[in-house]
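K.L.:
Quick one: sequence plus predicted model below, questions after.
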Amino acid sequence: MTNKTMQAVQINRYGNADVLSLNTIAVPELDANQVLVKVKAAAVNPVDWKVREGYLEEMMGHELPLILGWDLAGEIAATGADVTAWSVGDAVYSRPDLARNGAYAEYIAIDANEIAAKPASLSWEESAAVPLTSLTAWQALHDAAQLKAGDKVLIHAGSGGVGVFAIQLAKAVGAYVLTTCSAKNIDFVKSLGADEVLDYREQDFSELRDIDVVFDTMGGEILSNSWQVLKKGGVLVSIVETPSEDIAKKHGVSSTFVFVQPNHDQLSDIAALIDDGKLTVHIDSTFALADVKQAHARSETGRARGKIILTLGE
Ligand SMILES: NC(=O)c1ccc[n+]([C@@H]2O[C@H](COP(=O)([O-])OP(=O)(O)OC[C@H]3O[C@@H](n4cnc5c(N)ncnc54)[C@H](OP(=O)(O)O)[C@@H]3O)[C@@H](O)[C@H]2O)c1
């Protein structure tokens, strides 16, 4: 272990961004199956401020104080007694278990099976922009929807953290991609490979028909207006709320809710796609750890293009 204490952003109670507190605390102890990662960069995701507000209190049962942030890249600083696959100095990235302390900190203890070698071609900041949202898109499109070549997929919010990866992963399997965003992001999502773009302020996506897969990243009315666009036998995957099975049945489609899980193998496959130039990473903005409140404010606008990053230095 390189340090006995570290800087970390914790919450001691639920609430607005004022509950985010930069504290000096002990570097975490390692279990035998864990690695200690010196965090170089962490991403801010909507789940961070949802946890901060207490929206997931019942579901997660987190103990406070809690370190937020479940998306990171960094260097292994120590390994637990049972860890053989990793060594000090390895450059890794991870979407660690949401149930434990996160990565707004100089160090994080992570189960060894939740990390993968980071893409060699990316910086620390770019690498931290990948795990949570690319795994979400992967698990929604590949595992849940079984998206295949020739399918028509409607991806809501193609310019967001998840959407950027969803468009590219869908194109990589040979799907036809329709996506929604506002006017300022139309060229951006086209550059990611989207075949058709709907400006959600001007065009009504619910008039679309014969879609094989809807990927709902918004919930609410966007979810409830998505059923009718699907063809019989189609699939609706939401990552925001559990779709009604009754409504799915009425439309002759299936539906599922995906909550992203850590996955070493998928992160390794994603790193390979990135290093082969088949998947690109997009950063909306970068903040120092001490400016975490501004980073949360940016995420809470719902207008980020790609990912929001916290840098922790060398
Ligand atoms: N279940 C899970 O495992 C899981 C995993 C990851 C994320 N999520 C959830 O999924 C949601 C999306 O996450 P994210 O990281 O992609 O969010 P994000 O990066 O904050 O999304 C921002 C994007 O949403 C677009 N947007 C806003 N309103 C829109 C609308 N009405 N129609 C289409 N696009 C719109 C914005 O585009 P414009 O600026 O052009 O409006 C912006 O680019 C969040 O609620 C998050 O908590 C769930």
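P.N.:
Noted; the coordinates are in hand. Numbers count the residues shown, from 1 in each chain.
K.L.:
This protein against the ligand: which residues are in contact?
P.N.:
By Cβ under 6 Å from any ligand atom, the part of the chain that sits against the ligand consists of 45-47, 133, 136, 156-157, 159-163, 180-182, 185, 200, 217-218, 239-240, 258-260, 299, 302-305. Glycine gets a C-beta too; all of them are placed from N, C-alpha and C.
K.L.:
Just the buried ones among those, please.
P.N.:
Burial by neighbour count, 16 or more other Cβ atoms under 10 Å: within the residues of the chain next to the ligand this picks out 45-47, 133, 136, 156-157, 159-163, 180-181, 185, 200, 217-218, 239-240, 258, 260, 299, 304-305.
K.L.:
Okay, and which of those map to strands?
P.N.:
Using DSSP state E, the subset of these located in strands is 180-181.
K.L.:
Just list the residues touching the residue in the chain positioned nearest to the ligand, thanks.
P.N.:
At 2.6 Å from the ligand, Gly160 is the closest residue in the chain, using Cβ to the nearest ligand atom. Applying Cβ atoms under 8 Å, 6 or more residues apart in numbering, we find Gly160 in contact with 217, 304-306.
K.L.:
try 7 Å this time
P.N.:
217, 304 (Cβ atoms under 7 Å, 6 or more residues apart in numbering).
K.L.:
which residues in the stretch 51-200 of the chain form strands?
P.N.:
All strands of the stretch 51-200 of the chain, identified by DSSP state E, counting those that start in this stretch, fall at 66-67, 72-79, 91-94, 107-111, 115-117, 152-155, 176-181, 196-199.
K.L.:
other SSEs contacting the last one?
P.N.:
Just to be clear, that refers to strand 196-199. strand 176-181, helix 186-191 (3 or more Cβ pairs under 7 Å, 6 or more residues apart in numbering; DSSP states H and E).
K.L.:
list the buried ones in that strand?
P.N.:
Quick answer for strand 196-199 (16+ other Cβ under 10 Å): 197-198.
K.L.:
returning to what we had before: pick the most deeply packed of the helices and strands packed on strand 196-199.
P.N.:
strand 176-181 (a mean of 24; mean count of other Cβ atoms under 10 Å).
K.L.:
any chance of the helices and strands packed on strand 196-199 in JSON lines, plus mean pLDDT?
P.N.:
Shown next, in JSON lines, are the helices and strands packed on strand 196-199 (pLDDT from 0 to 100):
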{"stretch": "strand 176-181", "mean pLDDT": "98"}
{"stretch": "helix 186-191", "mean pLDDT": "98"}
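K.L.:
What helix or strand is the residue of the chain most remote from its centre located in?
P.N.:
Distance from the centre of the chain peaks at Lys250, with 31.3 Å (Cα atoms, centre = their mean). Here Lys250, judged by DSSP states H and E, is contained in helix 245-251.
K.L.:
what helices or strands is the helix or strand harbouring Leu236 leaning on?
P.N.:
Assigned by DSSP H and E, Leu236 falls within strand 230-238. Helices and strands touching strand 230-238, by 3+ Cβ pairs under 7 Å, 6+ apart, are strand 211-216, strand 254-257.
K.L.:
Kindly compare burial across these and name the winner.
P.N.:
strand 211-216 (a mean of 25).
K.L.:
rewinding a little: listing partners with orientation, what would you give for the strand holding Leu236?
P.N.:
strand 211-216 (parallel), strand 254-257 (parallel) (DSSP bridges).
K.L.:
got the contact list for it?
P.N.:
Under Cβ under 7 Å, 6+ apart, the answer for strand 230-238 is 140, 144-145, 210-216, 219, 223, 226-227, 243, 248, 251-258.
K.L.:
Show the average pLDDT along that strand.
P.N.:
Across strand 230-238, pLDDT averages out at 98.
K.L.:
Show me what the lowest-mean-pLDDT helix or strand in the chain is in contact with.
P.N.:
None of the helices or strands of the chain scores lower by mean pLDDT, DSSP states H and E than helix 57-60, at a mean of 95. For helix 57-60, the external contacting residues (Cβ under 7 Å, 6+ apart) are 14, 51, 98-99.
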